[in-house]
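Quick one, what's the 3D model for this:
(one chain, ligands or ions: 1)
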Amino acid sequence: MQLQLRDVIQKTTQFFRDKGFENPRLDTELLVARALNWDRLKLYLNFDYPMNDAELALARELVRRRATGEPVAYILGSRDFYNHSFFVNNAVLIPRPETESLVEAVISWTGSGAIQSDLIRIIDFGTGSGCVGLSLLAAIPNAQLVAIDISAQAIEVARKNAKQLEIADRVQFIENDVSTVTLGQIKQSFGEMDWQAHVIVGNPPYISESDPEIEKNVKAFEPAIALFSPDQGLAHLRAWAKMAATFANDGAMIMFEMGYTQGRAATQIFEDLGSFKQIEVGKDLSGRDRFIKAIKN
Ligand SMILES: C[S@@+](CC[C@H](N)C(=O)[O-])C[C@H]1O[C@@H](n2cnc3c(N)ncnc32)[C@H](O)[C@@H]1O
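Predicted coordinates for the structure are as follows:
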């Protein structure tokens, strides 16, 4: 049986709406466009298009996956983040819009003349898909990046993204727990003995295992290693702040994402280390505390 595109979109949107999805129409358009191998705009110009059996079967399969709660980004294998499309799979956190503010803040700081060096050295802790570090690298032509993640599968995804963005020659990956990486490993990555960072960024796992607010589908589909941290979600932030103190140049900027209730605890963590000044909490676009920033003494 043939169905017009218009009907498929309407029925699927209603199906997703009934399931309580947040963006039923957008999800539908993205999945149907994929089934047709079109871009989304083309849908709008062809609502009368009669979908054939093969196209309908593919659309049904994608809709079935979405109906289980699987995020659209995993089904499509990509997510847009700060001007670029990133390849993603279920080994990495899906890049979040709030994290783009971190990228923006760092780009504006590096552009302000705060760094007295022709080469800007950046470290990304817990790189995942690479969305933070690689977006910085793509935007700052005179930057080099060391991207660290404990997950081999995540590093594989980030490598693929670096190639796709054509910046693989300016990044070195280290597969390691951030809290046991040595300064030697960092320095060796670019074969330079004075490789000390001007910028250290990170989006650590910061959710407490007992957090009642975590969405069901986030927990079901995204990797636990990217989400959860012991000690009320603060263990990684604490360990990573300590490592940042070791790897940062004097005057370097450190900026980590954190949970919206963690501002006070994160500030305390940075203060207790005694290696930082200008410790500040930054907000996300919805006005909630979301970042901890500091300058290395
Ligand atoms: C919240 S995700 C952030 C991913 C990406 N930077 C982003 O912003 O979308 C945290 C990342 O840290 C990695 N990770 C978790 N524990 C780690 C550790 N001890 N050392 C290094 N990486 C770790 C996870 O594999 C995951 O990729």
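
Can you give me every residue that contacts Asp48?
By C-beta atoms under 8 Å, 6 or more residues apart in numbering, the contact set of Asp48 is Gln4, Leu5, Arg6. To be clear about C-beta, it is placed using only N, CA and C from the backbone, and glycine gets the same treatment.

make it 7 Å
By C-beta atoms under 7 Å, 6 or more residues apart in numbering, the contact list for Asp48 reads Gln4, Arg6.

Thought Ala35 was touching Glu55, still the case?
Yes. Using C-beta atoms under 7 Å, Glu55 is in contact with Ala35, at 5.6 Å.

Those residues of the stretch 101-250 of the chain touching the ligand, which are they?
In this structure, the stretch 101-250 of the chain approaches the ligand at residues 126-129, 131-132, 148-151, 154, 177-179, 203-205, 225-226, 236, judged by C-beta under 6 Å from any ligand atom.

Buried ones among the residues you listed?
Buried residues within those, counting neighbours by 16 or more other C-beta atoms under 10 Å: 126-129, 131-132, 148-151, 154, 178, 203-205, 225-226, 236.

May I have the secondary structure class of Ile295?
Classification of Ile295 by DSSP: H, G, I helix; E, B strand; the rest coil places it in strand.

what about the residue nearest to it when sequence neighbours are not counted, distance to Phe270?
Leaving aside its sequence neighbours, Ile295 sits nearest to Gln278 (C-beta to C-beta, 6 or more residues apart in numbering; 4.5 Å). Look at Gln278 and Phe270: by C-beta to C-beta, to the nearest Å, they are 10 Å apart.

What about the residues of the stretch 101-250 of the chain next to the ligand, which are in strands?
Among those, DSSP state E puts Ile148, Asp149 in strands.

For beta bridges, what are the partners of the closest residue in space to Thr261 that isn't next to it in sequence?
Closest residue to Thr261 apart from its sequence neighbours, by C-beta to C-beta, 6+ apart: Asp289 at 7.6 Å. Bridge pairing for Asp289 (DSSP bridges) gives the partners Lys283.

Contact partners for the nearest residue in space to Ala235 that is not next to it in sequence?
Excluding its sequence neighbours, the residue lying closest to Ala235 (C-beta to C-beta, 6+ apart) is Ser229, at 4.7 Å. Residues counted as contacts of Ser229 (C-beta under 7 Å, 6+ apart) are Pro204, Pro205, Tyr206, Ile207, Ala235, His236.

what do you get for Asn46?
Asn46 neighbours (C-beta under 7 Å, 6+ apart): Leu5.

Just to be sure, it is in a strand?
No. Asn46 is assigned coil when assessed by three-state DSSP, not a strand.

For it, give me the pLDDT.
We note a pLDDT of 97 for Asn46 in this prediction.

i'd like the first residue to be 837 from this point on
Will do, 837 is the new start, and the previous item becomes Asn882.

the helices in the chain, which residues?
841-854, 860-872, 876-880, 889-903, 908-912, 936-946, 967-975, 988-1000, 1019-1025, 1052-1057, 1060-1063, 1066-1069, 1071-1083, 1099-1109 (DSSP state H).

Which strands and helices lie in contact with the fourth one?
This means helix 889-903. Other elements packing on helix 889-903 under the criterion 3 or more C-beta pairs under 7 Å, 6 or more residues apart in numbering; DSSP states H and E are helix 860-872, helix 908-912.

any idea how far the residue nearest to Thr1097 lies from Asp960?
22 Å.

the more surrounded of those two?
Between Asp1125 and Asp960, counted using other C-beta atoms under 10 Å, Asp960 has the larger neighbour count: 28 against 18.

Name the residues linked to that one by a beta bridge.
Bridge pairing for Asp960 - DSSP bridges - gives Ala983, Val1037.

residues touching it, list them.
For Asp960, the contacting residues are Val968, Gly969, Leu981, Ala983, Ile984, Val1037, Gly1038, by C-beta under 7 Å, 6+ apart.

Name the nearest residue to the last one, ignoring sequence neighbours.
The shortest distance from Gly1038 to any non-neighbouring residue, by C-beta to C-beta, 6+ apart, is to Phe961 (3.3 Å).
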